[in-house]
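J.: Next comes the sequence, and after it the predicted model I'd like to discuss.
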Amino acid sequence: MQKPSTKPFTLLAIVVASVTAIPADHFGFAPNVSCPSGFQLNGKNCERAIYGTANIRCPLGALVNDQCVTHAPMTVQCPIGSVADGQECAVIESLAPEARCPSGYAPQGNVCAQQIPLNLITACDIGHDDGAGQCVQVEHAQKVIRTYCPAGYHDEGNGCMKMTDYDCSPPLQMGKGHHEQAVVSAPLALPIGGKKKGYKRMLGSRKYNVYAPPTVAAPPPSKAMVIPAPAVVAPPAPAIQVVHQQCQRKDFAPPVIESYCPDGFVEMGTSCQRISYYPPSQRCINGAPANACFDVKTVPRQVSCTKGALNGEVCQWKQPVPMERVCPAGTHPTGTGDCQQVTQPLATCPSGTQLDGRQCVGREIAEPVGQVTVPCTGKNCWH
């Protein structure tokens with residue numbers, strides 16, 4: 001009896017796949033599957049597109065040529081810029097009123113004015129009326145005081161002084177027998193402010209403390225010499241005889257004070273006076289110039305309207321205008337006497353589909369069918 005073979009053997013089993021698709025690389029070979037008619041294999045499933053008509057409806061109006069059309073009647077209203085006036089319309093127009101002045105008045109700004117003449121009066125613009133038809137003006141002024149020194153004197157600050165140079169030479173002594181000239185002694189110096197008997201004070205000596213030296217009178221022309229009184233003894237003649245001596249004398253005088261009136265003024269007592277005459281002028285009784293001698297009377301202007309009625313400061317009236325037929329907002333006239341509104345309709349699709357334009361698009365899925373050959377290896381592969 002032969003022993004059973006220990007070599008492995010292979011059995012081929014036929015498996016019909018109806019629902020589950022087996023991957024190609026699971027068993028190392030490609031499956032033999034197919035999709036129902038009209039389906040295409042897409043991965044593990046069979047799919048096909050399905051199309052349907054969308055449900056079209058109009059919220060308002062009726063569907064006409066894939067559009068919703070709504071009709072509405074036309075309405076009547078007043079044109080823009082006008083107002084309703086009962087069963088009609090009117091435009092309110094305005095015009096400035098005419099302003100007139102009463103007789104005798106003239107326009108002046110916003111009022112009417114009339115000039116009423118006034119009386120003229122004679123008055124003095126300068127001075128006062130002298131009663132003889134002239135205007136007199138009296139002006140007063142103080143005298144002008146002028147102080148100056150006499151001729152030859154000059155102002156030294158404290159008064160007027162004149163300086164004079166003169167020859168004060170003493171007579172010469174010619175010797176015995178000649179008596180034309182006397183012998184004089186030289187001046188003796190005195191302290192400032194001092195006095196000495198026999199000295200004479202010069203002009204201005206009190207002010208300048210200068211004294212002239214004493215002099216001895218010349219003897220009379222005779223053979224016998226006259227000797228002065230014993231009380232006065234002439235000092236002995238100096239050894240030096242003065243030949244020529246120049247002296248200077250200061251004379252003082254009070255300043256000259258002169259007073260006079262300014263030009264055009266005359267002396268009136270201790271002051272000066274000037275009298276001027278002017279013709280009088282005419283002026284208005286109310287103080288205005290003569291060329292504007294009138295009073296102004298004003299009255300309001302008389303306002304009237306040539307058309308319409310006065311309303312405040314303007315004349316107003318109503319101009320009738322016809323009503324107009326218009327379509328409600330959002331509509332437009334059709335040309336047949338009514339108005340219409342065109343809108344897009346609403347489109348809806350059944351559940352599971354999506355709207356694409358005016359169609360509903362969806363997908364149908366089916367399971368693939370086919371056969372798969374599977375090798376049987378190993379023990380008990382049939383069991």
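T.: Ah, there it is.
J.: Output the below-cut-off pLDDT ranges for the stretch 51-200 of the chain.
T.: 172-200 (pLDDT under 70).
J.: which stretches of the chain form helices?
T.: 205-208 (DSSP state H).
J.: For Gly38, which residues are in contact?
T.: Arg48 (CB atoms under 8 Å, 6 or more residues apart in numbering). Every C-beta, even on glycine, is put in place using the N, C-alpha and C of the backbone.
J.: Please give me every residue in contact with Ser276.
T.: Contacts of Ser276 (CB under 8 Å, 6+ apart): Ile126, Gly127, Val136, Gln137, Glu139.
J.: same thing with Asn45?
T.: By CB under 8 Å, 6+ apart, the neighbours of Asn45 are Ile365, Ala366, Glu367, Pro368.
J.: quick one: it from Asp167, how far?
T.: 172 Å (CB to CB, to the nearest Å).
J.: again with Ser94
T.: Taken as CB to CB, the span from Ser94 to Asp167 is 121 Å.
J.: Those two: which has the busier surroundings?
T.: The residue with more neighbours, out of Ser94 and Asp167, is Ser94; 13 against 8, by other CB atoms under 10 Å.
J.: who's in contact with the residue nearest to the more buried one when sequence neighbours are not counted?
T.: Spatially, and ignoring its direct neighbours in sequence, Ser94 is nearest to Val314 (4.5 Å; CB to CB, 6 or more residues apart in numbering). Shown in contact with Val314 (CB under 8 Å, 6+ apart): Ser94, Leu95, Ala96, Pro97.
J.: likewise Ser34?
T.: Going by CB under 8 Å, 6+ apart, Ser34 touches Leu41, Pro368, Val369, Gly370.
J.: In contact with the first one: list those residues for me.
T.: The reference is to Leu41. Counting by CB under 8 Å, 6+ apart, Leu41 has contacts Val33, Ser34, Cys35, Pro368.
J.: min pLDDT across the residues you listed, which one?
T.: Looking at the contacts of Leu41 by pLDDT, the weakest one is Val33, with 80.
J.: hang on, that residue packs against Cys46?
T.: No. Assessed by CB atoms under 8 Å, Val33 is found out of contact with Cys46, at 9.2 Å.
J.: Overlap in contacts, the two.
T.: In contact with both Val33 and Cys46: Pro368, using CB under 8 Å, 6+ apart.
J.: hmm, back to that, quick one: which of the contacts of Ser34 is nearest Asp85?
T.: Of all those, Leu41 has the smallest distance to Asp85: 82.4 Å, by CB to CB.
J.: Now Gly264: closest residue in space that isn't a chain neighbour?
T.: Arg274 (5.3 Å).
J.: Now for the one you found, how many residues are close by?
T.: Neighbour tally, Arg274, other CB under 10 Å: 16.
J.: neighbours of Cys315, just the number please.
T.: 20.
J.: do the one 5 residues further on as well
T.: Using other CB under 10 Å as the criterion, Pro320 is surrounded by 10 other residues.
J.: Counting only strands, which of the contacts of Asn45 make the cut?
T.: Using DSSP state E, Ile365, Ala366 are the members of the contacts of Asn45 that sit in strands.
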